[in-house]
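>>> here's my sequence, what's the structure:
(2 chains)
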2 protein chains.
Amino acid sequence: MGPGPSNVHPRVLEAMARPTIGHLDPEFITMMDELKALLRDTFMTKNELTFPVSGPGSLGMEAAVANMVEPGMKVAVCVNGAFGGRIREMVERYGGVPLVVDAPWGQPIDPSSLDETLSDNKDVKVVAFVHAETSTGVRSDVEALARVARKHGCLTIADTVTSLGGIPVKVDEWDLDVVYSGSQKCLSSPPGLSPITFSERALNTVRTRKTRVQSWFLDVSLVVSYWSGAKRTYHHTAPINALYGLHEALLMVQEEGLENAWARHQRNVELFKEGLDKIGLETFVSGKVSLPELAIVRVPVGIDEAAVRDRMLKKFNIEIGSGLGQLAGKIWRIGLMGYTSNEKNVKLCLNALEDALRRN
Amino acid sequence: MGPGPSNVHPRVLEAMARPTIGHLDPEFITMMDELKALLRDTFMTKNELTFPVSGPGSLGMEAAVANMVEPGMKVAVCVNGAFGGRIREMVERYGGVPLVVDAPWGQPIDPSSLDETLSDNKDVKVVAFVHAETSTGVRSDVEALARVARKHGCLTIADTVTSLGGIPVKVDEWDLDVVYSGSQKCLSSPPGLSPITFSERALNTVRTRKTRVQSWFLDVSLVVSYWSGAKRTYHHTAPINALYGLHEALLMVQEEGLENAWARHQRNVELFKEGLDKIGLETFVSGKVSLPELAIVRVPVGIDEAAVRDRMLKKFNIEIGSGLGQLAGKIWRIGLMGYTSNEKNVKLCLNALEDALRRN
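Modelled structure (predicted):
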């Protein structure tokens, strides 16, 4: 019940254990096509180039930056937590010039701040933002941020690592360009894959770059030859078994229905917050901007937060997460993501927390 | 029986299906330490920084290049097949200036060619070469190439994707610097991980770079915080279940013994070649430079190579590989790697080949 990986359903684990076949086997290509269709449904997009990057969410982030950013390009990066900060660092490493639009940790990005930055900097080409900040449990209004970006003629990069499958992510309706996620949060597949989707507008930008994408591995103009088109040709060897797992996990999302999954996440976090209230614990964020898939709990004054986590792990076999960066020691991050988000886990975690606090 | 992925033992598949736990769970950290120790044994090295990159072999290649190459740096790249060519392209993308030391496809790199290039170019800092060229089935003498590189004061990058576990790879004895491999060839774990090891000399070079590593994800000075040292801190979320699989596969290598695994690969390819001879097929490479884990068979004149592969797959459920680049249509690449390398598969494949050729 940390901020990821979430628990993985036995069906997905069983899928991971299917015999490894070739990455160019016709049966495997058929599964890839199904996987792409399932990802499009999950991202709510018709984008042809929608596939999982062969690495964890942070590599998906780097794929977005590597393809969209060219040396010297100005990029507005929204930063209200650790993962926005990570995008900024990647933009720098890929030679871009990040203009930071920030908000305090624990608050969402204000679309009017982005508007100001873009009004003052007409040469910004790309805007990047995080939908669900895993370091703070805060949801930013991606739809509003994308609207501002489009108004200024900018392309968008949206991080939906901790949102996809847990809260609405509507790529086409919100008119987003490059959107990446992770397999291991609300999709409940093991970590190691990063679903990504590129709009036609984004692909045209990649096709007309002045410089080559700095990363060979992440260059979508190469990867596309394996994941798309009539004749699939080798780029790199795909992580076969991990893809079996993601395929099964997405089938399960489809079986439940996206809307039902969102509602389940919401229902369970409300139950959890009621319980927190009863044992006298406070959340770090509240209201509309708080994420249902990730509850952030304030560590009470005088409590040794690491000892509480240790006790929960050893006595109850429950992992919860600690704070990152400026929130280290101040919060716990408790994931109610994907398969983990159910009533039994809510009660288990509340009981364990109460027990561990009493003995602290 | 293609050029990878190899077949995966049921024990490894079962390991992949173990419950996903947290990437910072103390139990998981213990497994990571075991995995590092197993990798050191397999690479025959004492290098502290020895771990699997969270992506397939091509990402391991990019990790080696990204860390060792700085913009403007001259790098000697040995090219005698598709994968040497891939290294050259990565060196360019990371701003390096590749000096190509080439040999025809099907022949090993001549150490004296490398010596000449390094004598003529005193400012070369890094030499890169491929041990086992998966596109041609040729083994280059990495020990000799490394000796030449050291004579000229150069660091080395060695690609052992298709050699590790199949033929001797002696990182310390051969005094190599950055050596990467893949999980899915002779180690018989599913694709998706790239074991890598850095010498102290290589790490010092990374530490004293003038520029930051262009890739955030691959920067070993960051990754080290998760894979090494007393306090493990989050860098990216590790692919938990894939690591379970690699851990189990390496245990199996250790149980058999590296020397025994090398001998098994050699024994089975000899059986296979005897059989090829009987059905009138010729190998593309022969003698000392041919790899035991990857037999390259010439397509006989007048034979439709794709139809033969198709028939083998559909009738016998056996996948064999086609030629890449300039060898497309001219060869088949038949993997006898890891768990796939056994007498039963040798006979099966020979029977299937004979049958498919008869009906062509």
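
>>> what sits against the residue lying closest to residue A:223 once chain neighbours are set aside?
What sits nearest to residue A:223 in space, not counting adjacent residues and going by CB to CB, 6 or more residues apart in numbering or on different chains, is residue A:235, at 5.5 Å. To be clear about C-beta, it is placed using only N, CA and C from the backbone, and glycine gets the same treatment. Residue A:235 sits next to A:222, A:223, A:225, A:226, B:58 when contact means CB atoms under 8 Å, 6 or more residues apart in numbering or on different chains.

>>> SS state for the third one?
In this case it means residue A:225. helix (DSSP: H, G, I helix; E, B strand; the rest coil).

>>> tell me the one of the contacts of residue A:235 nearest residue A:286?
residue A:223 (41.0 Å; CB to CB).

>>> quick check: that closest one touching residue A:55?
No: if you go by CB atoms under 8 Å, residue A:223 and residue A:55 don't touch, sitting 11.8 Å apart.

>>> out of those two, which sits in the busier spot?
residue A:55 (28 against 21; other CB atoms under 10 Å in any protein chain shown).

>>> just say helix, strand or coil for that one.
Strictly by three-state DSSP, residue A:55 counts as coil.

>>> pLDDT score assigned to it?
Looking at residue A:55, its pLDDT reads 98.

>>> then residue A:360?
69.

>>> quick check: buried residues in the helix ranked longest in chain A?
Counting by DSSP state H, the longest helix found in chain A is helix A:258-278. Neighbour-count burial for helix A:258-278, counted by 16 or more other CB atoms under 10 Å in any protein chain shown, picks out A:258, A:261-262, A:264-269, A:271-273, A:275-276.

>>> show me what contacts residue A:118?
Counted by CB under 8 Å, 6+ apart, residue A:118 has contacts A:76, A:124, A:127, A:148, A:149, A:151, A:152, A:154.

>>> out of these, who has the most neighbours?
Busiest of the contacts of residue A:118 [other CB under 10 Å] is residue A:149, holding 28 neighbours.

>>> show me where pLDDT drops low in chain A?
A:360 (pLDDT under 70).

>>> domain parsing for it?
By the assignment in automatic domain parsing, chain A contains the domains A:10-255, A:258-358.

>>> and those as CSV, adding distance to residue B:316?
Compiled in CSV, the domains of chain A are given as follows (distance: least, CB to CB, whole Å):
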stretch, distance to residue B:316
domain A:10-255, 14
domain A:258-358, 39
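
>>> out of those, indicate the one that is most buried.
domain A:10-255 (a mean of 22; mean count of other CB atoms under 10 Å in any protein chain shown).

>>> and that domain, how far from the chain's centre?
With CA atoms, centre = their mean, to the nearest Å as the basis, domain A:10-255 stands 8 Å off its chain's centre.

>>> near chain B, which residues of the stretch 51-200 of chain A?
A:54-59, A:62, A:86, A:89-90, A:93-94, A:182, A:184, A:190-192 (CB under 8 Å from any CB of the partner chain).

>>> after the helix or strand harbouring residue A:158, heading C-terminal, what element do we hit next?
Assessed by DSSP states H and E, residue A:158 sits inside strand A:155-159. Per DSSP H and E, the first helix or strand lying C-terminal to strand A:155-159 is strand A:178-180.

>>> what lines up beside that following strand in the sheet?
strand A:155-159 (parallel), strand A:194-198 (antiparallel) (DSSP bridges).

>>> can you list the ones you listed in TSV and add distance to residue A:166?
Below are the strands paired with strand A:178-180 laid out as TSV (distance: least, CB to CB, whole Å):
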stretch	distance to residue A:166
strand A:155-159	14
strand A:194-198	14
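
>>> looking at these, which is nearest to residue A:231?
Sorting the strands paired with strand A:178-180 by CB to CB, the top spot, which is the nearest, belongs to strand A:194-198 at 20.1 Å.

>>> which SS class is the residue nearest to residue A:223?
From three-state DSSP, the assignment for residue A:235 is coil.

>>> for residue A:67, see how far away it is.
Remark: distance between residue A:235 and residue A:67 (CB to CB, to the nearest Å) = 14 Å.

>>> in the stretch 251-360 of chain A, which residue sits closest to chain B?
residue A:319 (4.6 Å; CB to the nearest CB).

>>> over to that residue: give its phi and psi.
phi -100, psi 130 (degrees, to the nearest 10).

>>> distance-wise, check it relative to residue A:349.
For residue A:319, the distance to residue A:349 - CB to CB - is 10 Å.

>>> then residue A:150?
Taken as CB to CB, the span from residue A:150 to residue A:349 is 40 Å.

>>> again, but for residue A:327
20 Å.
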